[in-house]
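Q: Have a look at this prediction, sequence included:
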Protein chains: 2
Amino acid sequence: MAPEKKNLDRAFNPRSVAVVGDKQQTNYMWLRSVSTFQGKVYSVQIDERELPGIAALGVPNYPSLVDIPEPIDYVIVAVPRKVAPKVVADCIQKKVGGAAFFTSGFAETNTEEGIRLQKVLTEMAKAGGLNLIGPNCVGIFNPSIGLRHNAEQYAGERGVVGFISQSGTHASQFSLVGAIHGIKISKSVSYGNAIVLDSTDYLDYLAQDEETKVIGLYIEGVKDGRRFYQALKEAAQIKPVLLWKGGQTDAGARAASSHTASLATSQLLWDAMIRQCGTITVENLDQMIDTIKLLLCSKPASGLRMGLMSMTGGQSVISTDAFVKAGLEVSPLSSQSYEQLATFFNIIGGSYRNPLDVSSNFASLELVMKMLNILAEDENVDAVAMEVSVGFSRDGRRGPAFWDGLVSGLADYKNKSDKPFFAIVTPAHREATAIEMRNQLTDKYIPSFPSFQRAATAFKKVVEYYHHHSVAEV
Amino acid sequence: MAPEKKNLDRAFNPRSVAVVGDKQQTNYMWLRSVSTFQGKVYSVQIDERELPGIAALGVPNYPSLVDIPEPIDYVIVAVPRKVAPKVVADCIQKKVGGAAFFTSGFAETNTEEGIRLQKVLTEMAKAGGLNLIGPNCVGIFNPSIGLRHNAEQYAGERGVVGFISQSGTHASQFSLVGAIHGIKISKSVSYGNAIVLDSTDYLDYLAQDEETKVIGLYIEGVKDGRRFYQALKEAAQIKPVLLWKGGQTDAGARAASSHTASLATSQLLWDAMIRQCGTITVENLDQMIDTIKLLLCSKPASGLRMGLMSMTGGQSVISTDAFVKAGLEVSPLSSQSYEQLATFFNIIGGSYRNPLDVSSNFASLELVMKMLNILAEDENVDAVAMEVSVGFSRDGRRGPAFWDGLVSGLADYKNKSDKPFFAIVTPAHREATAIEMRNQLTDKYIPSFPSFQRAATAFKKVVEYYHHHSVAEV
């Protein structure tokens, strides 16, 4: 194991954590965030007015990192920027595993003082071999050991998705919004200005991390394009990697420069590079969550041909448009399927060409499953998607017991079929009910989406991913 | 007033309604829908088993339309398709104002019997001068008089949006989902197979309707392209018209044929036609709702240049990308604005180039309003958009009282400024809180959106609309 790898292990899996500079003004946000940490937590603070608040949280405080009477694996630094060099020196002297600097006000401010201080930090950390994360970041989230960067994050459980984010907001949002979609984190890091460790380092680490099955990245810029490209290519051969680039437009790149002092990259060059890596490109948080949901919960995708089921004719039309516009296909079914459907399907007020516009045929669980099984067995269908609506599925004449049975039926169906299956919970004025339905599907690992567009966009990415990798592996 | 116009008035504003063929099997869906109707309701049903249920609802029943002892303005027909010709004959004899046929099973089934019956209905209705709406539709919704096609729709109040939909589902969804976004209906019609009256007729009617300030259309096909084009052009000169076309793809057009027996139109021809009319094209229900929301609630848009405020740096980057990708601009502010901002804005952890990445500057209501006012007065800014997040705006250290003050402040700001203003309630794991925030903004007529993408897409459409019409009117 290379020494760098060992050191990142200490930072990602610490047994001891120190928080430097937490304060009342932020309601001790860092000490509260790590209140779930399973190892030892220390505070470092010299401002005497802060000490009673820290003591009230039950955290032992020291005037300096070097005074703490045991090794420290991970440090969170929230001091004013002028104090940062002193803390870097202490981290080096203390031989910590890694230090995440929440402290900001460096090159991203485009001020002489900020640029100067960033240079000082960089040189000190590199010379001293310090794994400096950030600055201008929120650092590591490792839920299994309760190491959090946000007091709303979960703890004591472990997911399978690694997330690497140049933005603290996106790291928090992905962990929190992802969780309500059933996506939990294995390990995550927000890394801000990336003056010492860059996305490439974290990517190398999570590519090798056995707890991490899928990696998501939010990146505003990379320091060494060639090294990043190599790491991305290697990681994508091991597990699915999804990449969300911030600053794709000139104005967005300008904002990225004010945010993390990232330099603009040519979007054309970037796109070309990414395409070759077999990485999945996403454009926003929704797409990141939607695509990971399919990767984690549905069977591998083998082709573009959708078998659709919708509740009404109007939804048949617009769902078909949505899937086809996203690059998928909605073609006629096999003659065998049509023969079977003709024996029982009432076409007055419904239609079964594909989509199956079920309407009054949505009458019993047996009938619904019979129709879904026809789609699963159809040789012209690669994947099955079904609309579930509040009116038809949950609050209709069939009542909640019908819905509970349907969810169980769909879970069995998804598990037994070789084809990807997912659901669309169509927009409803009963928003709370729709959320409840999504949660029930999520509990059974049935991927669901709030619109045909979102489902189609995500599924197209997944088909492309499997296509690239099956071709590449042949 | 032309006689056709007079007749549509009777159908849209009836004083008496008859429901033909409602039954227990659907839980008397039609009689329940019109239970809020302010005029007289009659039932027509000959099946004796249905009579107790109808009596229990307190609705007088007759064996035939012609037996009802007073004039009938609007008829809802839910009989088996074979009985439809008899009901058409009765409607003609009774000289009703209009009849919406929920009855389906006609040309959309592509069966000999369905096609034959559709032909019979068409010829009878045309010969007898009957305003036949549909068949295969849910007909009219006029909330001010309590005439509904869905028992969940509101009644006793009136909005300003007219909606014309070939699909019953989209008519229902637009009315119900629109309502939670503050968009209420003046008059709406779902018209299915359009064998007698087509979208053009309803469009002509709503273009002249004084209660209707904006018209939304969902169309799968038109019978007479030239007439439709002329009507659309004229309507768009009177009020904003938004058009959502179902069946834009070949497979979608095939689904439309199974849904409403609509014939495919060339999408290229269609797009060219629409562009010339100054109509707003939307791709789905969300875009329809989002764009109407801006048209109704925000000041007219004069240009593409956005002044943005976001809560954090990561959101600055991705909001800029979203607006620019949608065709808007996020350019530097005026030097005057920068001078003002420099006097108080803390750039450590924030930035004010545009977006204003406010972070710790989001400290007091005064400060927030000060920054927004700078954007409103900046000569390089045509419109202002602000992120409000659950964490910063509602549940942060500032607490709910801060949020209540902010909502009032934003409402004043929106009213006083000449520039369009809207908010983005960013994704949150606290979904219920985000919904509550949206509702509070909606109550104050502040347009809000659940993502930067949705806001940007809708606002671009609105800018184009005002540009087209200001150029056309010069």
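A: Ah, there it is. Residues are numbered from 1 along each chain as shown, chains lettered A, B, ... in the order given.
Q: and the stretch 251-400 of chain A, which of its residues are near chain B?
A: Residues of the stretch 251-400 of chain A found near chain B (Cβ under 8 Å from any Cβ of the partner chain) are A:251-252, A:254-256, A:258-260, A:283-286, A:311-318, A:320-322, A:324-325, A:329-331, A:347-349, A:351, A:353, A:355, A:357, A:397. (C-beta placed from N, C-alpha, C; glycine too.)
Q: Tell me, how many residues neighbour A:A363?
A: Residue neighbour count, defined by other Cβ atoms under 10 Å in any protein chain shown, stands at 13 for A:A363.
Q: how close does it sit to A:A322?
A: Applying Cβ to Cβ, to the nearest Å, the value for A:A363 to A:A322 is 26 Å.
Q: Likewise for A:D201?
A: Counting by Cβ to Cβ, the gap from A:D201 to A:A322 is 39 Å.
Q: Which one of the two is surrounded by more residues?
A: Ranked by neighbour count (other Cβ under 10 Å), A:D201 and A:A322 place A:A322 first, with 25 against 22.
Q: returning to what we had before: out of the residues of the stretch 251-400 of chain A next to chain B, name the ones that lie in helices.
A: Among those, the subset assigned to helices under DSSP state H consists of A:251-252, A:254-256, A:258-260, A:285-286, A:313-318, A:320-322, A:324-325.
Q: Near the residue in the stretch 51-200 of chain A positioned nearest to chain B, how many residues? Count them for me, please.
A: Closest approach of the stretch 51-200 of chain A to chain B (Cβ to the nearest Cβ) occurs at A:S167, with a separation of 2.8 Å. The local packing of A:S167 (other Cβ under 10 Å) involves 30 other residues.
Q: A:P52 now?
A: Taking other Cβ under 10 Å as the definition, A:P52 ends up with a neighbour count of 9.
Q: which residues touch it?
A: Contacts for A:P52 were tallied using Cβ atoms under 8 Å, 6 or more residues apart in numbering or on different chains; there are none.
Q: If we use 10 Å, what do you get?
A: Contacts were defined as Cβ atoms under 10 Å, 6 or more residues apart in numbering or on different chains; by that measure A:P52 touches A:Q24.
Q: The stretch 51-200 of chain A against chain B: which residues are in contact?
A: In this structure, the stretch 51-200 of chain A approaches chain B at residues A:80-81, A:102-106, A:108-111, A:114, A:136, A:150, A:152-153, A:165-181, A:190, A:192, judged by Cβ under 10 Å from any Cβ of the partner chain.
Q: switch the cut-off to 7 Å
A: A:81, A:104-105, A:109, A:167-170, A:173, A:176-177, A:179-180 (Cβ under 7 Å from any Cβ of the partner chain).
Q: any idea which of those has the most stuff around it?
A: A:S167 (30 neighbours).
Q: so how far is A:G252 from the nearest residue to that residue once chain neighbours are set aside?
A: Once its chain neighbours are removed from consideration, A:S167 has its nearest residue in B:G314; the separation is 2.8 Å (Cβ to Cβ, 6 or more residues apart in numbering or on different chains). Computed with Cβ to Cβ, the distance linking B:G314 and A:G252 is 11 Å.
Q: Likewise for A:V34?
A: Separation of A:V34 from A:G252 (Cβ to Cβ): 33 Å.
Q: for A:R397, same thing?
A: Spatial separation of A:R397 from A:G252 under the definition Cβ to Cβ is 50 Å.
Q: higher neighbour count, the two?
A: For A:R397 versus A:G252, neighbours defined as other Cβ under 10 Å are more numerous around A:G252 (27 against 12).
Q: how close does the residue lying farthest from the centre of chain A get to chain B?
A: Relative to the mean C-alpha coordinate of chain A, counting by Cα atoms, centre = their mean, the farthest residue is A:T343 (45.1 Å). A:T343 sits 16 Å away from chain B, taking Cβ to the nearest Cβ, to the nearest Å as the criterion.
Q: what's the answer for A:D378, then?
A: For A:D378, the distance to chain B equals 15 Å [Cβ to the nearest Cβ].
Q: so that residue makes contact with A:G307?
A: Yes: A:D378 is in contact with A:G307 according to Cβ atoms under 7 Å; the separation is 6.0 Å.
Q: For A:E366, grab the count of nearby residues.
A: Neighbour count of A:E366, defined by other Cβ under 10 Å: 9.
Q: name the element it belongs to?
A: Per DSSP states H and E: A:E366 is located in helix A:365-377.
Q: can you list contacts of that helix?
A: For helix A:365-377, the surrounding residues in contact (Cβ atoms under 7 Å, 6 or more residues apart in numbering or on different chains) are A:307, A:309, A:337, A:340-341, A:356, A:358, A:361-362, A:381, A:384, A:386, A:402, A:405-406, A:409, A:413, A:417, A:419.
Q: Using PDB, write out every CA atom in it.
A: Presented in PDB, the C-alpha positions along helix A:365-377 are these (Å, rounded to 0.1, in the frame of the first residue of the first chain):
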ATOM      1  CA  LEU A 365     -53.900  -7.100  -9.500                       C
ATOM      2  CA  GLU A 366     -54.000 -10.400 -11.500                       C
ATOM      3  CA  LEU A 367     -54.800  -8.500 -14.700                       C
ATOM      4  CA  VAL A 368     -52.100  -5.900 -14.100                       C
ATOM      5  CA  MET A 369     -49.500  -8.600 -13.500                       C
ATOM      6  CA  LYS A 370     -50.700 -10.500 -16.500                       C
ATOM      7  CA  MET A 371     -50.100  -7.500 -18.700                       C
ATOM      8  CA  LEU A 372     -46.700  -6.700 -17.200                       C
ATOM      9  CA  ASN A 373     -45.700 -10.400 -17.700                       C
ATOM     10  CA  ILE A 374     -46.600 -10.100 -21.400                       C
ATOM     11  CA  LEU A 375     -44.200  -7.100 -21.600                       C
ATOM     12  CA  ALA A 376     -41.500  -8.900 -19.700                       C
ATOM     13  CA  GLU A 377     -41.600 -11.900 -22.100                       C
END
